[in-house]
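1. Provide a 3D model corresponding to the input given below.
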Amino acid sequence: MAGSVNKFGLIALVLIIAVGVTLFFLQKEVPKLYINEFMASNSACCPDIFDKESESDDWIEIYNAGSVPEDIGGMYFSQNEEKPLEFLVPKTNPELTTIPPGGFLLLRANGNPGKGVLFLDFKLDPDGEFIGLYDKNGRTIDSYEFKAQKVNISFGRASDGDTSWKEFDVPTPGKSNN
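-> Below you'll find the predicted structure:
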């Protein structure tokens, strides 16, 4: 009888370990992506190369602090914490929406997603608002609530992925804030 109890205990332990190892490998880590810099009141910076009128759109820069490329296609932006799945980034062109490790991706917040996958279906409010980046399940990747912005001054992390923020008289879209 004592041998069968030990046998069942060993089987239970092996099952617990197997389930734990399986769950460990199945659980995808939250990407190390950051809303790194943005411009919510833009009239002169960074003309839109896809727009023949050289319109200067609001923009959001995403920084990948991870060690693997991250495709933001299928992720969401929101201007409302209560509705994380508000604006889908299309999954149709991973060549454009994948950020290399240590790299940056510039998205245009111009309310005109018909221009392509890098154009968001909303504009930033220069008087201040919330912006968030979410995974396909509505899990927060990064978010920030900003106050009124100055014209042609970007706002971003003091250094890439940092917790402190500052104004940039010389914006650095698609480049390091360091």
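2. from now on I want contacts and neighbour counts done on CA atoms only, so please keep to that.
-> Will do.
3. start and end of stretch 165-177, how far apart?
-> Terminal residues of stretch 165-177 are spaced 10 Å apart (Cα to Cα, to the nearest Å).
4. in that stretch, what counts as buried?
-> Going by neighbour count (16 or more other Cα atoms under 10 Å), the buried part of stretch 165-177 is W165, E167, F168, P171, T172, P173, G174, K175, S176, N177.
5. which residues are in contact with it?
-> Identification of contacts with stretch 165-177 by Cα atoms under 8 Å, 6 or more residues apart in numbering yields 37-38, 45-46, 61, 104-106, 152-160.
6. now with 6 Å, please.
-> Applying Cα atoms under 6 Å, 6 or more residues apart in numbering, the contact partners of stretch 165-177 are F104, L105, L106, I153, S154, F155, G156, R157, A158, S159, D160.
7. please apply the same query to stretch 33-48.
-> Residues from elsewhere that reach stretch 33-48 (Cα under 6 Å, 6+ apart): 54-56, 58-64, 124, 126, 142, 151-152, 154-157, 161.
8. list the buried ones in that stretch?
-> Of the residues in stretch 33-48, L33, Y34, I35, N36, E37, F38, M39, A40, S41, N42, C45, C46 count as buried by neighbour count, 16+ other Cα under 10 Å.
9. what are the boundaries of the strands in this structure?
-> Using DSSP state E, the strands found in the chain span residues 33-39, 58-64, 70-71, 76-78, 87-88, 98-99, 104-109, 119-120, 128-134, 140-147, 154-157, 165-168.
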